[in-house]
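>>> what would the 3D arrangement of this be:
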Amino acid sequence: MVDRRRFPRYVFLASADAHARTVSEGLVESQDGDHFVVTTTETATKGEEFVMRFTSPSGEVTACAVRVTSSTPVTSEGVMRFRLTLSVVTVSQDWRADPIPTLGRSQ
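Residues are numbered from 1 along each chain as shown. Got it, this is the predicted structure:
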């Protein structure tokens, strides 16, 4: 098919001193208040910040800015994955207007 892509395109409108990457697969293992434990196929560095988007059991898409507090390699079904411990951070700007790197599926 013409003009069909498997992955969506991302456009950066302004220069920034940053690294961008998208992780499209992750599993939220647990949530306790402002803390999440997530298993992903990508590692992350302690202190790294990004926006995590996920679908709640009711089907609502939720987003929050988080900071990595730990990243530990784990194996699951013979595949290397990473267990990230995340804490929610306060973001001064609206993440929809000025997005930062995202962990989650783009909509």
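>>> in the chain, what spans have low per-residue confidence?
1-12, 16, 18-21, 23-24, 90-107 (pLDDT under 70).
>>> that one: strands as residue ranges?
22-23, 26-32, 35-40, 49-55, 61-76, 79-88, 102-103 (DSSP state E).
>>> for the fifth one, list the C-alpha coordinates in PDB.
To tie it back to what came earlier, the one meant is strand 61-76. Backbone C-alpha positions of strand 61-76 (Å, rounded to 0.1, in the frame of the first residue of the first chain) are rendered in PDB as follows:
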ATOM      1  CA  VAL A  61      -5.700   6.900  28.400                       C
ATOM      2  CA  THR A  62      -3.700   8.400  31.200                       C
ATOM      3  CA  ALA A  63      -0.400  10.200  31.100                       C
ATOM      4  CA  CYS A  64       2.100  11.300  33.700                       C
ATOM      5  CA  ALA A  65       5.600  12.600  33.900                       C
ATOM      6  CA  VAL A  66       7.900  10.200  35.700                       C
ATOM      7  CA  ARG A  67      11.600  10.000  36.800                       C
ATOM      8  CA  VAL A  68      13.500   6.700  36.900                       C
ATOM      9  CA  THR A  69      14.700   5.800  40.400                       C
ATOM     10  CA  SER A  70      16.100   2.400  39.400                       C
ATOM     11  CA  SER A  71      16.600   0.100  36.400                       C
ATOM     12  CA  THR A  72      17.300  -3.600  36.900                       C
ATOM     13  CA  PRO A  73      17.800  -6.200  34.100                       C
ATOM     14  CA  VAL A  74      15.500  -9.300  34.400                       C
ATOM     15  CA  THR A  75      14.800 -12.200  32.200                       C
ATOM     16  CA  SER A  76      11.300 -13.300  31.200                       C
END
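>>> in its sheet, what does that strand sit against?
strand 49-55 (antiparallel), strand 79-88 (antiparallel) (DSSP bridges).
>>> closest one to Glu25 among these?
Each of these was checked against Glu25 via Cβ to Cβ, and the shortest separation belongs to strand 79-88, namely 9.5 Å. C-beta: built from backbone N, CA, C; applies to glycine.
>>> quick one: contacts of that closest one?
29, 34-44, 52, 64-75 (Cβ atoms under 8 Å, 6 or more residues apart in numbering).
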